[in-house]
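**Q** model this:
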Amino acid sequence: MLKFYTPDRKGKIEPYSYRSRARLVGKCIDNLGQAFNNDIVVLGRIHTEKDVESLRNNNIRYIHDICDNKWPMLEKLWSNTNEHAIAITTTCFKLKELIESKTNKPVFVIPDPTERDEEPVKFEPNPVRLNAVYYGSAGNLNQIDWSNIDLKNINLQIISNEGPIKWSFKIQGEIVRQSDIVLLPVNNDHEMTMYKGHNRPVDALRQGRLVITNAKIPSWLLLQRFIWCGDINEGIKWAINNPKEVKQKVKEGQSFVKNNFTPEITTKKWEKVYNVCDTWDS
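**A** Predicted structure coming up:
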């Protein structure tokens with residue numbers, strides 16, 4: 001059986017990787033004592049060298065799931081984990097390329113599934129005062145240069161794990177419903193940016209809202225038929241002047257998400273990887 005290792009966070013907010021890349025798609029265990037020789041364990045970002053040692057000592061095979069470019073911080077741990085993994089999974093092809101430059105292990109791409117239900121498409125803005133929301137980690141937020149974005153006619157609410165509005169799954173959902181658009185500026189020059197998965201723009205599409213971003217992230221550009229990728233100020237103007245096109249773009253995006261990124265579809269991808277790996281010796 002495929003088992004996802006999700007150690008107890010002891011009251012801390014569970015990371016996205018727990019929710020999306022484990023709980024939505026398979027059986028989770030919080031103790032490696034719940035894994036057996038005929039299992040394959042998925043180790044996400046939250047694991048230790050002792051966890052790797054425990055699995056090896058008990059002859060339990062494992063897959064290393066990498067969903068961000070954390071090599072600058074975690075190279076020692078990840079090198080050890082990768083050395084003994086039977087395979088590596090990741091979120092996107094750009095990150096797959098990076099991983100393959102650092103290990104000879106087989107790498108499988110399993111995109112993040114959406115964790116939100118589909119909601120109606122809505123875009124009926126007041127052009128005098130647009131309601132917008134930004135959501136992302138504090139690390140992402142701190143990289144953004146807002147000075148190039150014209151916000152004088154925009155009521156922007158900002159959500160992150162450190163505020164100004166403290167993130168929760170429920171809060172993000174509520175504020176997106178109050179918003180006309182989702183603004184997701186990024187720092188394209190940061191070393192981690194190009195390796196990001198698509199979960200943030202997919203969240204917005206799922207809730208029926210247009211994303212306006214300057215991102216050049218490959219996994220986001222796969223969605224560029226359904227979101228605005230380019231100059232953010234131009235994107236805001238375009239949206240206000242083309243409400244019908246906005247709705248059509250988002251509707252098509254929702255169909256794309258439904259056909260590619262539901263938990264059911266992603267679960268089948270994990271099952272395929274398990275079935276391939278289960279034929280290999282550790």
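
**Q** Can I get stretch 14-22 in PDB, CA atoms only?
**A** The C-alpha coordinates for stretch 14-22 follow below in PDB (Å, rounded to 0.1, in the frame of the first residue of the first chain):
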ATOM      1  CA  GLU A  14      -0.500  21.900   8.400                       C
ATOM      2  CA  PRO A  15       1.500  22.700   5.300                       C
ATOM      3  CA  TYR A  16      -0.200  22.700   1.900                       C
ATOM      4  CA  SER A  17       1.800  19.500   1.100                       C
ATOM      5  CA  TYR A  18      -0.100  17.600   3.800                       C
ATOM      6  CA  ARG A  19      -3.500  18.700   2.600                       C
ATOM      7  CA  SER A  20      -3.100  18.600  -1.100                       C
ATOM      8  CA  ARG A  21      -0.300  16.000  -1.700                       C
ATOM      9  CA  ALA A  22      -1.300  13.600   1.000                       C
END
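
**Q** List the contacts of it.
**A** 4, 6, 9, 28, 42, 44-46, 65, 67, 91, 110, 112-113, 115, 169, 199 (C-beta atoms under 8 Å, 6 or more residues apart in numbering). Where you see a C-beta, it was placed from the backbone N, CA and C, and this is true even at glycine.

**Q** Tell me which residues of the longest helix anywhere in the chain come out buried.
**A** Counting residues, the longest helix in the chain under DSSP state H turns out to be helix 243-260. Residues of helix 243-260 classed as buried under the neighbour-count rule (16 or more other C-beta atoms under 10 Å) are Val246, Lys247, Lys249, Val250, Gly253, Gln254, Phe256, Val257.

**Q** Could you look up the SS state of the nearest residue to the first one once chain neighbours are set aside?
**A** The reference is to Val246. In this structure, Val246 finds its nearest non-sequential neighbour in Phe123, 4.6 Å apart by C-beta to C-beta, 6 or more residues apart in numbering. Under DSSP: H, G, I helix; E, B strand; the rest coil, Phe123 falls in the coil class.

**Q** and what of the one 10 residues further on?
**A** Applying three-state DSSP to Val133 yields a three-state assignment of strand.

**Q** Tally up the residues packed near it, please.
**A** 24 (other C-beta atoms under 10 Å).

**Q** So in terms of bridging, what pairs with it?
**A** Gln157, Val182 (DSSP bridges).

**Q** Could you double-check that it lies in contact with Leu156?
**A** Yes. Checked against C-beta atoms under 8 Å, the pair Val133 and Leu156 is within contact range at 7.2 Å.

**Q** overlap in contacts of these two?
**A** Leu183.

**Q** just the helices in this structure please.
**A** 16-18, 49-57, 71-84, 93-100, 138-141, 169-178, 199-206, 218-221, 232-241, 243-260, 263-277.

**Q** what's in contact with the fourth one?
**A** Counting by C-beta under 8 Å, 6+ apart, the neighbours of helix 93-100 from elsewhere in the structure are 66-69, 71, 88, 90, 107, 109, 194-195, 197, 217-219.

**Q** between those residues, which is closest to Cys277?
**A** If you rank the contacts of helix 93-100 by distance to Cys277 using C-beta to C-beta, Ile88 comes first, at 10.6 Å.

**Q** beta partners for the closest one?
**A** Bridge pairing for Ile88 - DSSP bridges - gives His64, Val107.

**Q** which stretches of the protein have low pLDDT?
**A** Applying pLDDT under 70 to the chain flags residues 281-282.

**Q** what does the domain assignment say about it?
**A** Here the domain parsing of the chain from automatic domain parsing is 2-113+262-277, 130-260.
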